[in-house]
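Participant: Sequence and predicted structure below; questions after.
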Amino acid sequence: MASIGLFYGTDTGNTEQVSEKIKSLIQEIKPDIQVDLIEIYQRKAADMAQYDFLIIGQPTWYDGELQGDWEEFIPEFEAIDFTGKQLAFFGLGDQYGYATYFCDAIGVYADMAENQGGTLHGFTSALDYEHDFSKAQRGDQFVGLCLDIDNQDDLTDDRINRWIPEVLASFGM
């Protein structure tokens, strides 16, 4: 049975709720896939390194700040050899209040994962958003799924429902 490590960090519970939606949708689409939902708080590199398939959820705070648990996890993340590992990122941000930092956290971590040999999946269009800049953006795409539940919550479920099948197909599942 294939398994996915779905790691997230949260302060308000929003990223946790999205993570739970993602897990439920994966299990609905592919009941044979094991999805381990893991909060990043007090985790070690070995907790993440055991998975070949990873989905990582991160909110971006204020002026591009990483959520506290993800900030503390950087040394652990940098210790992981991602060669042969498949990763998909999703992030939460506020495209209006922090238009020059929208979903920066996933860009920071995606760059590290790629530099450490990981393969990124789940790129999405940046064209349906109203932000000025994002470290998560490459050309007209984000390195993952960006969600703005503060300003576009009505689009969240549809975006997740489109993204997950694409990620699973890209993972070869």
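Facilitator: Arrived safely, thanks for sending.

Participant: And the next helix or strand past the lowest-mean-pLDDT helix or strand in the chain?
Facilitator: When the helices and strands of the chain are scored by mean pLDDT, DSSP states H and E, strand 65-66 comes last with a mean of 94. Sequence-wise, the next helix or strand downstream of strand 65-66 (DSSP states H and E) is helix 68-78.

Participant: List the contacts of that next one.
Facilitator: Identification of contacts with helix 68-78 by CB atoms under 8 Å, 6 or more residues apart in numbering yields 9, 11, 39-41, 43-45, 48, 58, 65-66, 105, 109, 112-113, 116. In this view, the C-beta of every residue, glycine as well, is placed from N, C-alpha and C.

Participant: Please enumerate the strands of the protein.
Facilitator: Secondary structure of the chain (DSSP state E): strands at 3-8, 34-39, 53-61, 65-66, 86-92, 119-121, 124-125, 137-138, 141-142, 144-147.

Participant: For those, could you give me CSV that also reports mean neighbour count and distance to Glu166?
Facilitator: Compiled in CSV, those are given as follows (neighbours: other CB atoms under 10 Å; distance: least, CB to CB, whole Å):
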stretch, mean neighbour count, distance to Glu166
strand 3-8, 22, 14
strand 34-39, 16, 16
strand 53-61, 26, 12
strand 65-66, 17, 26
strand 86-92, 27, 9
strand 119-121, 18, 8
strand 124-125, 16, 8
strand 137-138, 16, 17
strand 141-142, 20, 12
strand 144-147, 28, 9
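
Participant: In a markdown table: these, plus distance to Phe171.
Facilitator: What follows is those, written out as a markdown table (distance: least, CB to CB, whole Å):
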| stretch | distance to Phe171 |
| --- | --- |
| strand 3-8 | 8 |
| strand 34-39 | 12 |
| strand 53-61 | 5 |
| strand 65-66 | 25 |
| strand 86-92 | 5 |
| strand 119-121 | 6 |
| strand 124-125 | 15 |
| strand 137-138 | 20 |
| strand 141-142 | 18 |
| strand 144-147 | 13 |
